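S.K.: need coordinates for the following:
(2 chains)
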Amino acid sequence: MATPVVTGTAAGGDARGRARHDRAAKSGPLSRHWYAWAMVLPVVVVTLVLVGYPLVRGVALSLTDATEANMGRTIGVNVIPSTYEFIGLKNYTGALASDEFRGRFIWTIIWTICCVGLHYLLGLGLAMMLNRPMRFRAIYRVFLVLPWAVPSFVSIFIWRYLLNGEFGVINGMLRDVGLPAIGWLDDPTMAKISVIAINVWLGVPFMMLAILGGLQAIPGELYEAAEMDGASAFQRFRHITLPGLRPVSSTVVLLGTIWTFNQFAVIWLATQGGPGGETNILVTEAYRLAFQGIRDYAKSASWGILILIILSVMAVVYRRALRRHGEVW
Amino acid sequence: MRRVISAVASAAALALAVTACGGGTSSESAAPAKSVAPAEVSGEITWWDTSDATKEGPAFQDLIKDFQAKYPKIKVNYVNVPFGEAQNKYKTAAQSGSGAPDVLRTEVGWVAEFASLGYLQPLDGTPAVDKADDFLPGPASAGKYNGKTYAVPQVTDTLGLLYNKQLLSKAGVEVPKTFDELKQAALTIKQKTGVDGLALNVDSYFLLPFIYGEGGDLLNVDTKKITVASPESVKGVAVVEDLIKSGAVGKPAVSDSYVTAETAFKEGKAAMIFNGPWANTDNLAGKVFKDDPDNFGVAPVPAGSVKAAAPTGGHTYSIYAGSKNIPASELFVQFMASADSQAKIAGSLGLLPTRTSAYDMPAATANPMVGVWKTVMDTAVSRPWIPEQGQLFAPLLEGYQNIVTGKADSKAAMDAVAKKYSELLKGWSL
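M.R.: Take a look at the predicted model:
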């Protein structure tokens, strides 16, 4: 969806140029569709200002050594000149060569796969259950959507206190039944499991709702016909439900991947990246670079651009794979 | 995929905010008019206080009432900003030129950084610096950068060993004076009373007494050398590692470490803790001290093989260089940092004044905590007041956490910290 925005504007400029030329012929795209272009214009301008300019600026910064200390500014009596320089791709090569980036990248991939996989499986299971007629269905639906309706920072703080090693409710219950307490957020491996659990809890309702919508769009006749032909429940699921869900699934999995890859709030609010920086994903590490001590704008911008490149490559590969399966979007 | 773009956009938006709003406000018009008498100065100023909003904030608000009675033409807007957020919030506002407070309660470790970035107004020769000789040398040095004064000390502090007198006497142990005694005492307390001997707060700042005690330090500013992985520093960190591994302290929490350790101490689940005077009001409101304040003991931090030493902390008042009300701000700082005001704060909160004269004032001596902590201040040593100070703690915290979780031993962890420092500090040697 990023590309249409860009090509859209290019086409807009094109069309405008051609319109002047075509006016005599009275059949140019602009004169024919001028109203549509006029309606689109505000969106194009806003997108350019809010997305295009910062993006270009971010790329430009990532090619310099700009920090809070060497960017020029005037504050009252203090005048500080700009002294940052163009350093080419050094930030990128530096990041890619560092253990930090590699370690964070591997963990981000594990984190994304675990979270999206569990989101989808649990979402699918719950949606299937809620899709069949039963008593109090509306009430179950409301309860299952609740985690999504609560502001996520509130949920994360609640989880953090539930998981507190010394005074948390969960460890309290474990102790009460005579089990040893677990360092949910204090041990690197447990902390990773904990943040994944929190994110799964937060993300399942969205998946469930999206899939439920997809399920209800599958015509009931298909199931009836399959049943007539003697298809087992598993066969019906395998050959009707899954293919029928594919348009919805492919979209929500892609969305979920992008959201999870950049899921800043869960990591930052639950562990601050600890213990020992072990739960930092790429975005939280980039934030650390930008906001700790004297801010390193160039380095954090280069990490941001790298994240963008990784996600773009992933999206392209994903689309190719879907197209090979006969998907058109 | 619009989200992809916005992810980068948000990274870049920062930069946008920085440059787009950099210029603008000039305070030429607000240049101090020397002829105006103090009582005639008017204006509206905003003060960001970073003290505990419910337990300490009201005492400062009372002071503001006194200030407004004295200077009715100056209006003070009191804003309490949580300490943990204040540094970032201030920097964002100060840099963009809008939204920064005229006066900030600045932690001593922030002054050099803010001053080097041009955010602070030099205060030498202004009403803000009043009776400079009266300030204690340690806190006063923290307000200076490159020979100029940028901040006026508000309170000073250091870490001490806080203890629960009942628990110590129940276990039959004396207040430990050395690291060895600390370990023995903690083991005995655990054995005799069942509660933890010492609650460890896994935080860089609280690691410093151990490093100092064995003669180490993070940096040597004179020789521009990174000493965090020196044999002395590693020996100090190893003391903590041994406390944890030997079972003298229970496995400390890594997340919410400060609150967890503090809660254990004030609930009577731990007998000792390292903490500072800022926690006085918090501790005395705890279960085991609320009805029996005498149960609360304060001693200097135990000594290592070299000395007993803890970091100098505290807060200052600084004025934003882009403030439109600099004369009013200077008067406000002068008033808030005066001996009378400091004595009042000391009296109500038990925080330590930065002026010699304030210690003897009746308002201050009324609070027994002030006298107790004054003796602890003898162990306070200066920290390196350099602009990069604020960046030193994050790598050290990571190293400390890796020791606690068993991922690295003291030597490996400190070597990793030293490597990070060498990336941060250009021109320093290992």
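S.K.: who does whatever helix or strand residue B:273 lives in pair up with?
M.R.: Assigned by DSSP states H and E, residue B:273 belongs to strand B:270-275. Strand pairing for strand B:270-275, determined by DSSP bridges: strand B:160-164 (antiparallel), strand B:196-199 (parallel).
S.K.: need the residues that contact the following helix or strand past it.
M.R.: Using DSSP H and E, the helix or strand that follows strand B:270-275 in sequence is helix B:280-284. Residues outside helix B:280-284 that contact it (CB atoms under 8 Å, 6 or more residues apart in numbering or on different chains): B:52, B:55-56, B:162, B:262, B:265-266, B:275, B:289-290, B:293, B:296, B:349-351, B:369. Quick note: C-beta positions are derived from backbone N, CA and C, even for glycine.
S.K.: try 10 Å this time
M.R.: For helix B:280-284, the external contacting residues (CB atoms under 10 Å, 6 or more residues apart in numbering or on different chains) are B:51-52, B:54-56, B:59, B:157, B:162, B:164, B:262-263, B:265-266, B:273, B:275, B:277, B:289-290, B:292-293, B:295-296, B:298, B:348-351, B:367, B:369-370, B:372-373.
S.K.: which strands or helices does the helix or strand that it is followed by pack on?
M.R.: Counting by DSSP H and E, the next helix or strand C-terminal to helix B:280-284 is strand B:296-300. The contact analysis (3 or more CB pairs under 10 Å, 6 or more residues apart in numbering or on different chains; DSSP states H and E) places strand B:296-300 against strand B:160-164, helix B:165-171, strand B:270-275, helix B:280-284, helix B:368-376.
S.K.: swap the cut-off to 6 Å and go again
M.R.: strand B:160-164 (3 or more CB pairs under 6 Å, 6 or more residues apart in numbering or on different chains; DSSP states H and E).
S.K.: buried ones in the strand it packs on, by neighbour count?
M.R.: By neighbour count on 16 or more other CB atoms under 10 Å in any protein chain shown, the buried set for strand B:160-164 is B:160, B:161, B:162, B:163, B:164.
S.K.: kindly report the same for stretch B:347-364.
M.R.: B:347-355, B:357-359, B:361, B:363-364.
S.K.: between those residues, which is closest to chain A?
M.R.: When the buried residues of stretch B:347-364 are compared for distance to chain A (CB to the nearest CB), residue B:354 wins out at 25.3 Å.
S.K.: check which helix or strand covers the residue of chain A found nearest chain B.
M.R.: Closest residue of chain A to chain B, CB to the nearest CB: residue A:58 (2.6 Å). Assigned by DSSP H and E, residue A:58 belongs to helix A:53-62.
S.K.: now that helix: buried residues?
M.R.: For helix A:53-62, the neighbour count (16+ other CB under 10 Å) marks A:54, A:55, A:57, A:58, A:59, A:61, A:62 as buried.
S.K.: how about the CA coordinates for it, as PDB?
M.R.: This file holds the C-alpha atoms of helix A:53-62, laid out as PDB (Å, rounded to 0.1, in the frame of the first residue of the first chain):
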ATOM      1  CA  TYR A  53       8.800  14.600   4.200                       C
ATOM      2  CA  PRO A  54       9.800  12.800   7.500                       C
ATOM      3  CA  LEU A  55      10.800   9.800   5.500                       C
ATOM      4  CA  VAL A  56      13.100  11.700   3.200                       C
ATOM      5  CA  ARG A  57      14.400  13.700   6.100                       C
ATOM      6  CA  GLY A  58      15.100  10.400   8.000                       C
ATOM      7  CA  VAL A  59      17.000   8.900   5.100                       C
ATOM      8  CA  ALA A  60      19.000  12.100   4.800                       C
ATOM      9  CA  LEU A  61      19.800  12.100   8.500                       C
ATOM     10  CA  SER A  62      20.800   8.500   8.500                       C
END
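S.K.: packing partners for it?
M.R.: Judged by 3+ CB pairs under 6 Å, 6+ apart, helix A:53-62 is in contact with helix A:297-324, helix B:2-20.
S.K.: of those, which shows the lowest average pLDDT?
M.R.: Among the helices and strands packed on helix A:53-62, helix B:2-20 carries the lowest mean pLDDT, at a mean of 40.
S.K.: write out the residues of chain A neighbouring chain B.
M.R.: In this structure, chain A approaches chain B at residues A:1-2, A:51, A:54-55, A:57-58, A:61, A:73-78, A:80, A:165-166, A:185-188, A:258, A:262, A:271, A:274-277, A:291-293, A:297, A:301, A:304, A:308, A:311, A:315, judged by CB under 6 Å from any CB of the partner chain.
S.K.: of these, which belong to strands?
M.R.: Using DSSP state E, the subset of those located in strands is A:73, A:74, A:75, A:78, A:80.
S.K.: quick revisit: tell me the mean pLDDT for the strand holding residue B:273?
M.R.: Mean predicted lDDT for strand B:270-275 stands at 96.
S.K.: check whether the host helix or strand of residue B:115 comes near chain A.
M.R.: For residue B:115, the element it lies in under DSSP H and E is helix B:111-116. No. Residues of helix B:111-116 are not located near chain A by CB under 6 Å from any CB, the shortest gap being 6.6 Å.
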